[in-house]
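>>> Sharing a model that was predicted from the sequence below.
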Amino acid sequence: MKKLLVLTSTLLLIGCANELKPEHTKNNMVDPFSPEEFIGEHRTKVSVLGMFHFSNPGLDDYKHKFPFDILSQERQKQLAQLLDALEEFRPTKILVENPRITNDSVLNKAYQEFLKADFDISERTSETYQIGFKLAKRLGHSKIYASDTERLKWFGADIDDSTYDEEAYLRSLDQYKKFKRYDYQSKSRFEDSLKSVLPLKNYLRFLNTPSNRLKNHQGYLTEWAVIGAGDLYNGADATARWYQRNLRIFANAYDITDLSKEERMLLIYGSGHVWTLRQLFKDSPDFEYIEINKYLNEN
């Protein structure tokens, strides 16, 4: 029976090899799984601009302490320099961190009014307006793309937030020391402090340095993931929800991409998203990931 299965498998492989086109063979070696087989006519160039939120909603574990006023005269000059740099990337579509399902039509109504000077953003601090709207207008874009997902439901263990004490819980599982092994709060505070003293483009260049983004991403793996391991797994589930959100953002970007054209897409997102989105785009056969610092480094 085993000999029959081996013979059948061999015949199937031979049959498949005979069906291969001439360009699928090289030096008489069959390579039916060449990466080129999974790449379309064009690969969309994509980059993610990792941001700190100009108007911070305070939803992250670290609460920002250092001031930043994008509407000040000096910061507006620095913003213009940033827009000059981003314009060099020549994005054909700009994707912003707004929920796609509920906000896309509302956002584009505002953008159309902005193009006609009927929507004033001079007092609106969000990077969606200060960078997204202004850059899209410079480039002559007819619309802007909301590409985030709606707020995701919690799918892990049922925990009463009013009585939950994370430190006590970690200590009860002997996980607290491991959880506190790296001081991410000090790292976040240092990053936060720099934004108040560095020019905007310089600070974003610092934020978007790949090694810095990797360190940020590692926090999910060295802090979050361990919480409740072997018990409630609430840390692993929280990390999974973070990945779920980024996968949905990637899915939206993929859906928005026109694969029949040579597109260049710029995503404007909180810097915590950069490493995961970067990996998803780099692993996809339909995208060529461009480091945004290539443009932020230019004078």
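Sure, I can see it. Residues are numbered from 1 along each chain as shown.
>>> Which positions within the biggest helix by length in the chain qualify as buried?
Longest helix of the chain, by residue count under DSSP state H: helix 234-256. For helix 234-256, a neighbour-count test (16 or more other C-beta atoms under 10 Å) marks 234-240, 242, 245-246, 248-250, 252-253, 256 as buried. Every residue, glycine included, has its C-beta placed from N, CA and C.
>>> again, but for stretch 138-154
In stretch 138-154, counting by 16+ other C-beta under 10 Å, buried: 139, 141, 144-149.
>>> Report the residue spans of the stretch 151-299 of the chain with pLDDT below the cut-off.
Counting by pLDDT under 70, the stretch 151-299 of the chain shows low-confidence ranges at 298-299.
>>> Name whatever forms a beta bridge with Asp148.
With beta bridges defined as DSSP bridges, Asp148 has these partners: Pro99.
>>> show me what contacts it?
Residues in contact with Asp148 (C-beta atoms under 8 Å, 6 or more residues apart in numbering) are 96-100, 245, 248-249, 252, 269.
>>> next one: Tyr243
Counting by C-beta under 8 Å, 6+ apart, Tyr243 has contacts Thr276.
>>> any idea how far it lies from Leu152?
11 Å (C-beta to C-beta, to the nearest Å).
>>> all strands of the chain, in order?
Secondary structure of the chain (DSSP state E): strands at 25-26, 29-30, 44-51, 93-99, 145-148, 264-270, 287-289.
>>> for the record, mean pLDDT for the second one?
Just to be clear, that refers to strand 29-30. Summarised as a single mean, pLDDT over strand 29-30 is 57.
>>> Repeat that for the longest one.
Averaging the model's pLDDT scores along strand 44-51 yields 97.
>>> who does that strand touch, helix- and strand-wise?
helix 200-207, strand 264-270, helix 274-283, strand 287-289 (3 or more C-beta pairs under 8 Å, 6 or more residues apart in numbering; DSSP states H and E).
>>> What segments of the protein are helices?
Going by DSSP H, the chain shows helices at 2-19, 73-87, 100-115, 127, 134-138, 166-172, 176-179, 184-194, 200-207, 210-222, 234-256, 274-283, 293-296.
>>> Any idea which of the helices and strands packed on strand 44-51 gets closest to Lys65?
Ranking those by distance to Lys65, with C-beta to C-beta as the measure, places helix 200-207 first at 15.5 Å.
>>> got the angle between the closest one and helix 184-194?
160 degrees (axes from the mean of the first three to the mean of the last three C-alpha atoms, to 10 degrees).
>>> Show me which residues of helix 200-207 are buried.
200-201, 203-207.
>>> Which one of the residues you listed is nearest to Arg171?
For the buried residues of helix 200-207, the minimum distance to Arg171 (C-beta to C-beta) is 33.6 Å, reached by Leu207.
>>> hmm, back to that, for the helices and strands packed on strand 44-51, which one ends up most surrounded?
Neighbour counts (mean count of other C-beta atoms under 10 Å) averaged over each of the helices and strands packed on strand 44-51 peak at strand 264-270, with a mean of 22.
>>> Adjacent strands (with direction) for that strand?
strand 44-51 (parallel), strand 93-99 (parallel).
>>> Relative to the whole chain's centre, how far out is it?
When distances are taken as C-alpha atoms, centre = their mean, to the nearest Å, strand 264-270 is centred 8 Å away from the chain's centroid.
>>> tilt between it and helix 73-87?
140 degrees.
>>> Go ahead and name everything in contact with strand 264-270.
44-53, 86, 89-97, 127-128, 131-132, 135, 147-148, 249, 253, 256-257, 277, 292.
>>> For Lys65, which of the helices of the chain is the nearest?
Taking these one by one with C-beta to C-beta, helix 184-194 is closest: 6.0 Å.
>>> Counting neighbours, which bits of that closest one end up buried?
For helix 184-194, by 16+ other C-beta under 10 Å, it's 184, 188-189, 191-192.
>>> and that helix, C-alpha only, in CSV?
This file holds the C-alpha atoms of helix 184-194, laid out as CSV (Å, rounded to 0.1, in the frame of the first residue of the first chain):
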residue,chain,number,x,y,z
TYR,A,184,9.0,50.8,29.2
GLN,A,185,7.5,53.7,31.2
SER,A,186,10.9,55.4,31.3
LYS,A,187,11.3,54.8,27.6
SER,A,188,7.9,56.3,26.9
ARG,A,189,8.6,59.3,29.1
PHE,A,190,11.9,60.0,27.3
GLU,A,191,10.2,59.8,23.9
ASP,A,192,7.4,62.1,25.2
SER,A,193,9.9,64.6,26.5
LEU,A,194,11.7,64.9,23.1
